[in-house]
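Participant: quick one, fold the following:
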Amino acid sequence: MRFILRLVANAAALAVATWLLAGIQLTAVGTGDKVLVLLVVALIFGVVNAVVKPVFTAATACLVILTLGLFLVVINALMLLLTSWLATRLGVGWHVDGFWTALLGSLVVSVVSFVLNAFVPERNQPRRGRA
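Facilitator: A predicted model of the protein is given here:
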């Protein structure tokens, strides 16, 4: 259940970035198709962040430390561009135009998903209201 909630939160964050930035296009027509595309893109984005991002962060650790962590914003933008590239290759109707759009989009996605994921309960957190 927690996985689904995080997936929906990331899809909503990607939807907000798509809505706010003209350089991110969603080509699906109907509302149901748009939701499905955003869920697929959120799944791709989650896999990219789980597999590629740690490797890339470790490879650029010196640069991350040298910039006091600011290079992580660039890494997040590159992960969004990689997600866009994979979505295009898989025929999913979602595309990011360039690096600067990806940089702004990654900031929007980070903030929105941080806020939404704050409402997703942790794995070991007890449920409220139960005796």
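Participant: now for S84, how many residues are close by?
Facilitator: 24 (other CB atoms under 10 Å). Using the backbone N, CA and C atoms, a C-beta is placed for each residue, glycine as well.
Participant: host element of it?
Facilitator: helix 71-89 (DSSP states H and E).
Participant: can you pull up the most central residue in the chain?
Facilitator: F45 (5.1 Å; CA atoms, centre = their mean).
Participant: tell me how far that residue lies from M1.
Facilitator: 20 Å (CB to CB, to the nearest Å).
Participant: repeat that for F56.
Facilitator: Distance of F56 to M1, computed by CB to CB: 30 Å.
Participant: and the two? which has more neighbours close in?
Facilitator: F56 (15 against 7).
Participant: how far does the helix or strand hosting that one sit from the chain's center?
Facilitator: Per DSSP H and E, F56 falls inside helix 31-59. Distance, stretch centre to chain centre, for helix 31-59: 6 Å (CA atoms, centre = their mean, to the nearest Å).
Participant: and what of stretch 54-73?
Facilitator: So, by CA atoms, centre = their mean, the centroid of stretch 54-73 is 18 Å from its chain's centroid.
Participant: repeat that for stretch 78-97.
Facilitator: Distance, centroid of stretch 78-97 to centroid of chain: 11 Å (CA atoms, centre = their mean).
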